[in-house]
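>>> what follows is a protein structure lacking sequence information:
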């Protein structure tokens, strides 16, 4: 399972209780990396492990142009219409900051947002990928190298941040780090709208972050909505920064991009998961899914990511 939040975990335990299931006999594996006190729910760092496999299989993946003259300040890619993405997009639009970035913003018929205020925005599509192509999984395929080359930093809108007002369960925080953050790690500076402590965890794993560009105290702001607004102000600051100053800051941190790529390529494997994969390989994705499904999938992956 990709994401079992603390709330969903409580519902699962209640389901087991109501149906006379011994939940301790069931192993649940997900990508929630928060500390847990239950041995039968295991947080697997799925996305970083998959990114490591991709980099070792395709060394060119994620390599970008470190030129100092770029056409835009930032990129911000938004596929599924989650509320925190709609709010951030609204802030960028209302403050006339879209012109400084390369931004995608999609809408789906299954969007069930209760507040109609967030349903009024027109979608913005980027022309590099067709959302109807069955070979496009909108994870590793949509790295969007051409757009990343033309921007100084990535505004990562993670999948499951604790952004909403009134969230005060500080004891049971979730921590999800997906391919969105992974792709930024190996390509350019970034600021991430994610769970509290995302940067802290990345630094514990040995990655470099970018306090030279952003006030990274946002990472430990407990209120998710306040964190979102703080992140917006940091993006706004860099949009209005003198371009020569931004170039100098970007140039000073290029080494971190290369350093992070090396950390990712050598990211520690999970021995417990490897044992399960050896017995049940169909349970986990890997770099093989790119070349196993079809020649068209492999051909398009190579073309989009400048892989020879």
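The structure has been received and is ready for your questions. Predicted model, so just to flag it, every value in this text is computed and none were measured.
>>> now do the SS call for residue 78.
coil (DSSP: H, G, I helix; E, B strand; the rest coil).
>>> looks like it contacts residue 157 (just checking).
Yes - counting by CB atoms under 8 Å, residue 78 does reach residue 157; the two are 5.7 Å apart. In this view, the C-beta of every residue, glycine as well, is placed from N, C-alpha and C.
>>> which neighbours do those two share?
Shared contacts of residue 78 and residue 157, defined by CB atoms under 8 Å, 6 or more residues apart in numbering, are found at residue 85.
>>> other residues contacting the helix or strand encompassing residue 53?
For residue 53, the enclosing helix or strand under DSSP states H and E is helix 46-57. Residues from elsewhere that reach helix 46-57 (CB under 8 Å, 6+ apart): 2, 31, 61-62, 140, 177-179, 181-183, 185-186, 205, 261, 264-267, 269-270, 273, 284-287.
>>> what's the mean pLDDT across that helix?
The average pLDDT within helix 46-57 is 90.
>>> what do you get for stretch 198-216?
Throughout stretch 198-216, pLDDT has a mean value of 97.
>>> what about it, how long is it end to end?
Using CA to CA, to the nearest Å, the end-to-end distance of stretch 198-216 comes out at 11 Å.
>>> cool, stretch 20-30 as well?
Start to finish, the residues bounding stretch 20-30 are 23 Å apart (CA to CA).
>>> strands of the stretch 151-300 of the chain, start to end?
153-157, 190-193 (DSSP state E, counting those that start in this stretch).
>>> out of those, which comes closest to residue 90?
Nearest to residue 90, of all those, is strand 153-157, at 12.5 Å by CB to CB.
>>> contacts for that closest one?
With contacts defined as CB under 8 Å, 6+ apart, strand 153-157 is touched by 73-78, 82, 84-85, 88, 101, 148, 180-181, 183-184, 187-194, 210, 213, 231, 235, 238, 250.
>>> switch the cut-off to 6 Å
74-76, 78, 85, 180-181, 184, 188-193, 235 (CB atoms under 6 Å, 6 or more residues apart in numbering).
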